[in-house]
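**Student:** task: produce atomic coordinates for the following.
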Amino acid sequence: MIVGEARNGREAVVLSERLKPDVILMDIAMPMLNGLEATKQIRAADPRAKVLILSEHVDDGCVDRAISAGVVGFIEKQASFSVVSQGIRQVAKGGQFLSAGIAQRLTNARNRAQIQGEAAGARRPHLTHRESEVLQRVAEGWTNKQMAADFGISIKTVEKHRQKVMDKLDIHEIASLTRFAIAEGVIENPVQLEILPSKPRRPDRRKEIRMNPNPPASGLGPTEYSSDARVAEAAGWRQAVLNYCNQTTTRPPSPS
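**Tutor:** Below you'll find the model as predicted:
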């Protein structure tokens, strides 16, 4: 039974604390607070909380960070309803669940990391909860004033958090921060790719050769002639129709 639905990560944290659900089905890219940070806050308040991620962000980095945040399962959004149901039931019983493709990729990635002597995610700098929230707000286009009002802190404090984020990530432009947030699954990509049909080519009048230079007087038919002839004929037919209409609408002379 569904006991609650959240419109953003912050609502998810509040509802989780109030409703104490058996399983929390969480997305990663959500407004105000992304799913990974929401999971950290939920688990900090209640270590027994069971969070199952259902997201389109399924690259190895996102999965690793989700597991580090404390999730007990991860399923891609393209999975079937039966797979999602299986994951929810298994997590509710106290188990863990990774969809088949994610589990295989994660195993391969960890094996490669062990061979190379590199820990997964070691190069990613650690951000505090507040710094992660500031990163997401900046990527979503919030101003310092808006963030200060939302967090209940001063604008100067927001500026300090913002500067720390840029220093830790070594990113000092808003556009680059936004690209980083999209790549990390913190926010959704706002750009929607639309493939438009190709523009029809204009006919080449020089190649438009017709077979019969003298079309029949009875009207247009499957004959071939030049474009200029077609325009002239169309004008002639239009004039003929106008003449016919004028004749049929002319009142007959009144009887003497």
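**Student:** surely Ala66 meets Glu37?
**Tutor:** No - with contact taken as Cβ atoms under 8 Å, Ala66 and Glu37 are classed as non-touching, separated by 11.1 Å. Backbone N, C-alpha and C define where each C-beta goes, glycine included.
**Student:** mind listing the helices in this structure by residue range?
**Tutor:** Along the chain, the segments classed as helices by DSSP state H run 9-19, 35-45, 60-69, 81-92, 100-116, 129-139, 144-151, 155-169, 174-183, 227-249.
**Student:** which residues does the residue nearest to Glu56 when sequence neighbours are not counted contact?
**Tutor:** Closest residue to Glu56 apart from its sequence neighbours, by Cβ to Cβ, 6 or more residues apart in numbering: Lys77 at 4.6 Å. When the contact criterion is Cβ atoms under 8 Å, 6 or more residues apart in numbering, the partners of Lys77 are Leu54, Ser55, Glu56.
**Student:** closest to Ala92 among the residues you listed?
**Tutor:** Of all the contacts of Lys77, the one sitting nearest Ala92 is Leu54; the distance, using Cβ to Cβ, is 14.5 Å.
**Student:** go through the helices of the chain and name the closest to Leu25.
**Tutor:** Among those, helix 81-92 comes nearest to Leu25, with 7.0 Å by Cβ to Cβ.
**Student:** got the contact list for that closest one?
**Tutor:** Asp22, Val23, Leu25, Lys50, Leu52, Leu54, Val72, Gly73, Ile75, Gln96, Phe97, Ser99.
**Student:** tell me the confidence at the fifth one?
**Tutor:** As predicted, Leu52 sits at a pLDDT of 94.
**Student:** now it: how far from Glu140?
**Tutor:** 25 Å (Cβ to Cβ, to the nearest Å).
**Student:** pick out whichever of those two has more residues nearby.
**Tutor:** Each of Leu52 and Glu140 has its neighbours counted (other Cβ atoms under 10 Å); Leu52 has more, 22 against 16.
**Student:** once you drop chain neighbours, what's closest to that one?
**Tutor:** The spatially closest residue to Leu52, leaving aside those adjacent along the chain, is Gly73, at 4.0 Å (Cβ to Cβ, 6+ apart).
**Student:** the one you found pairs with what?
**Tutor:** As for beta bridges, Gly73 partners with Leu52, Phe97 under DSSP bridges.
**Student:** okay, now Ala183: neighbour count?
**Tutor:** As a burial measure, the neighbour count of Ala183 was computed by other Cβ under 10 Å and equals 13.
**Student:** hmm, Ser132 is touching Ala38, no?
**Tutor:** No - under the contact definition of Cβ under 8 Å, Ser132 does not touch Ala38, with a separation of 10.3 Å.
**Student:** looking at these two, which is more packed in?
**Tutor:** More crowded of Ser132 and Ala38, by other Cβ under 10 Å: Ala38, with 27 against 21.
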